[in-house]
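Novice: sequence first, then the predicted structure, then my questions.
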Amino acid sequence: MISHRAEWTKSRCLGDTGHLFDRFVRAQKAFSLEVAVQQLTADIAEVWGLADRGRLAPGCAADIVLFDPDTIARGPEELAFALPGGQEEFRFVRRALGVHQVYVNGALAYDAEAGYQD
């Protein structure tokens with residue numbers, strides 16, 4: 001869920017990537033790793049009309065997530081108080097496990113050891 005309003009703290013959203021790989025790819029073998037990656041990348045980009053996203057090809061943005069297919073999962077639920085605009089309400093977060101690095105437009109945006117990049 002994406003929102004700039006305070007109401008988003010009252011809702012819950014269950015669409016997390018780590019859970020998809022952990023439960024439906026590894027545990028239940030409902031679909032392959034390749035199908036899961038396609039569903040989270042090319043399929044979503046196509047639905048949203050983002051022609052330069054969702055696949056690694058010449059002329060496309062280099063958005064890449066380096067992850068361990070054997071360990072990617074969702075972490076435990078954590079209580080977080082850091083909300084935009086200094087709001088005092090809380091929210092719950094689950095961090096991704098098994099994600100090593102994230103690149104956006106070819107630039108490193110996240111590293112598991114160093115954290116988020118500026």
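Specialist: Structure's in. What do you need?

Novice: got a pLDDT number for the residue of the chain positioned farthest from its centre?
Specialist: Here the centre of the chain is the reference, and by Cα atoms, centre = their mean the most remote residue is residue 88, at 25.2 Å. At residue 88, the pLDDT value in this model is 70.

Novice: cool, and residue 10?
Specialist: 49.

Novice: got the buried residues for the biggest helix by length in the chain?
Specialist: Assignment by DSSP state H gives helix 33-40 as the longest helix of the chain. Of all the residues in helix 33-40, those buried under the rule 16 or more other Cβ atoms under 10 Å are 36-37, 40. (Glycine included, C-beta is placed from N, CA and C.)

Novice: likewise for stretch 40-51?
Specialist: 40-42, 45.

Novice: what lines up beside the least confident helix or strand in the chain by mean pLDDT in the sheet?
Specialist: Least confident helix or strand of the chain, by mean pLDDT, DSSP states H and E, is strand 91-97 with a mean of 82. Applying DSSP bridges to the sheet, strand 91-97 is found paired with strand 73-80 (antiparallel).
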